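>>> no sequence on this one, just coordinates:
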């Protein structure tokens, strides 16, 4: 006898990468050298200070007990210092920062906190799949808002006016944008805050890519006047500090929003490992030179990835930021799915098809910059053959 699963399991499907990586592992087990350019899994190490802080803290007796639901004071202060130094944003470490077990967890907590079944959520038509999946899991109605390709993948605000109803509760925003790499701008954030105020919508900004290959000063949504009335921001150490497996992130915003999310979070987990928070605090103090060195490495990988897109006949926008490269397929290619499958089986090169980020990505592919440039150049050679 098999007990029937809940309805929410039928509202979503297994994560694309979960399925596809099983194929990759099978090919590797058969002895094939697969070059995986599909996953945004940073391959570089955290800073030396981060690792030393983790080791030292792990030997402290207080490291191994339960920790506060709100995180340690030292980690929250490190986040506040990081925000002031990086974005010019002042945060109260006691009331306006909530550490998370990765920002992906935060998407779930925010949705559980603010959405009732039948509420509507505005999700970009191209974006992180978790925005849609979690909204559907909590019983909300997803409305995809259009992004204007010819205007740097910015939201179409006129079209969004027609999407809003009295049941619209949340809008998800993510700039620098994944997967397109579209940069964040103050004008964009000002428009978003004004839109959220006009329609009394909670604006949820996901900001994990602002320190990677950014061509200007990084921006936080919370730097915009009036943003804290209607907005909260997620951030993460996964990409910017090479700490994806550590699962360290946070939510920042007005005290009322933080307190509301804590109501849900405190019923889900029992705090984060103290030594990891100590190490996270050390990582947040990394010098600008440390980040510059990593960006130099990413630039070399970007150059190789552009050569790969060229070998496939793709076009791309050279204003992209973040740790991915988004390319448009030539008309001669049947589909992104067909190309991805043929590259994997014939060349043993895995790339991500654009449609997994939304239907508008059918004619696009995404390359990850999380492999040494030598491996990317090897993929270029295989494709050119």
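The structure has been received and is ready for your questions. Model, not experiment: these values are computed from the prediction. Numbering: from 1, shown residues only.
>>> quick check: residue 131 vs residue 301, distance?
Noted for residue 131: a distance of 27 Å to residue 301, by Cβ to Cβ, to the nearest Å. In this view, the C-beta of every residue, glycine as well, is placed from N, C-alpha and C.
>>> you'd agree residue 74 is up against residue 278?
Yes - under the criterion of Cβ atoms under 8 Å, residue 74 makes contact with residue 278 at 6.6 Å.
>>> and the nearest residue to residue 208 once chain neighbours are set aside, what does it touch?
Nearest non-adjacent residue to residue 208, counting by Cβ to Cβ, 6 or more residues apart in numbering: residue 236, 4.3 Å away. Counting by Cβ atoms under 8 Å, 6 or more residues apart in numbering, residue 236 touches 102-103, 208, 248-250.
>>> so which of those residues belong to helices?
Using DSSP state H, the members of the contacts of residue 236 that fall in helices are residue 103.
>>> now render the contacts of residue 236 as TSV, adding neighbour count, distance to residue 373 and pLDDT.
What follows is the contacts of residue 236, written out as TSV (neighbours: other Cβ atoms under 10 Å; distance: Cβ to Cβ, whole Å; pLDDT from 0 to 100):
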residue	neighbour count	distance to residue 373	pLDDT
102	21	27	89
103	24	28	89
208	24	22	96
248	29	27	96
249	24	28	97
250	27	32	98
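>>> related to what we said a few turns ago, per-residue pLDDT, the residue nearest to residue 208?
pLDDT, residue 236: 96.
>>> separation between it and residue 263?
22 Å.
>>> residue 16: what's it in contact with?
129, 356.
>>> burial of residue 351, as a residue count?
The tally of other residues near residue 351 (other Cβ atoms under 10 Å) stands at 25.
>>> cool, and residue 267?
Residue 267, neighbours per other Cβ under 10 Å, totals 10.
>>> next one: residue 63
Counted with other Cβ under 10 Å, residues neighbouring residue 63 total 17.
>>> doesn't residue 99 lie inside a strand?
Yes - remark: residue 99 belongs to a strand, assigned using DSSP: H, G, I helix; E, B strand; the rest coil.
>>> gap between it and residue 307?
Taking Cβ to Cβ, one finds residue 99 at 40 Å from residue 307.
>>> of the two, give the one with the bigger neighbour count.
residue 99 (23 against 17).
>>> separation between the more buried one and residue 69?
Distance from residue 99 to residue 69, by Cβ to Cβ: 9 Å.
>>> ditto for residue 137
23 Å.
>>> which elements pack onto the biggest helix by length in the chain?
For the chain, the helix with the greatest residue count under DSSP H is helix 288-311. Helix 288-311 sits against strand 324-328, strand 364-368, helix 373-384, with contacts defined as 3 or more Cβ pairs under 8 Å, 6 or more residues apart in numbering; DSSP states H and E.
>>> avg pLDDT for it?
Rounded mean pLDDT across helix 288-311 is 97.
>>> likewise stretch 173-186?
Here stretch 173-186 scores 97 as its mean pLDDT.
>>> distance from that stretch to the middle of the chain?
10 Å (Cα atoms, centre = their mean, to the nearest Å).
>>> mind listing what's buried in it?
173-184 (16 or more other Cβ atoms under 10 Å).
>>> ok, now stretch 144-159?
If you call a residue buried by 16+ other Cβ under 10 Å, then stretch 144-159 has these buried ones: 144-147, 152-155.
>>> next, residue 127: secondary structure please.
coil.
>>> hang on, it packs against residue 174?
Yes - Residue 127 sits in contact with residue 174 when judged by Cβ under 8 Å, with a separation of 5.9 Å.
>>> and residue 74 and residue 278? Which one has more around it.
residue 278 (22 against 16).
>>> show me what contacts that one?
With Cβ under 8 Å, 6+ apart, residue 278 has these contacts: 53-54, 56-57, 63, 72, 74-75.
>>> give the helix, strand or coil label for it.
helix.
>>> from residue 251, how far out is it?
20 Å.
>>> where does pLDDT dip in the stretch 1-150 of the chain?
Per-residue confidence for the stretch 1-150 of the chain (pLDDT under 70) gives these ranges: 1, 10-15.
>>> and the strands in the stretch 101-250 of the chain?
Applying DSSP state E, counting those that start in this stretch to the stretch 101-250 of the chain gives strands spanning 120-124, 141-145, 147-148, 154-155, 168-173, 202-206, 231-236, 249-253.
>>> so can I have JSON lines of those showing distance to residue 321?
Converted to JSON lines, the strands of the stretch 101-250 of the chain look like this (distance: least, Cβ to Cβ, whole Å):
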{"stretch": "strand 120-124", "distance to residue 321": "16"}
{"stretch": "strand 141-145", "distance to residue 321": "21"}
{"stretch": "strand 147-148", "distance to residue 321": "16"}
{"stretch": "strand 154-155", "distance to residue 321": "14"}
{"stretch": "strand 168-173", "distance to residue 321": "15"}
{"stretch": "strand 202-206", "distance to residue 321": "14"}
{"stretch": "strand 231-236", "distance to residue 321": "15"}
{"stretch": "strand 249-253", "distance to residue 321": "19"}
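>>> go through those strands and name the closest to residue 25.
Minimum separation from residue 25 across these (Cβ to Cβ) falls at strand 231-236, 25.8 Å.
>>> now the closest one, how far from the centre of its chain.
11 Å.
>>> wait, doesn't residue 275 sit right on residue 52?
No - the pair residue 275 / residue 52 is not scored as a contact, 11.4 Å apart, by Cβ under 8 Å.
>>> between those two, which has more neighbouring residues?
residue 275 (20 against 12).
>>> ok, now which ones touch the more buried one?
54, 57-58, 60, 63.
>>> just the ones of the residues you listed in strands?
Among those, DSSP state E puts none in strands.
>>> quick check, nearest of the residues you listed to residue 192?
The shortest approach to residue 192 among the contacts of residue 275 belongs to residue 54, at 36.7 Å (Cβ to Cβ).
>>> surely that closest one and residue 283 touch.
No - if you go by Cβ under 8 Å, residue 54 and residue 283 don't touch, sitting 9.4 Å apart.
>>> residues near residue 345, how many?
Residue 345 has 12 nearby residues by other Cβ under 10 Å.
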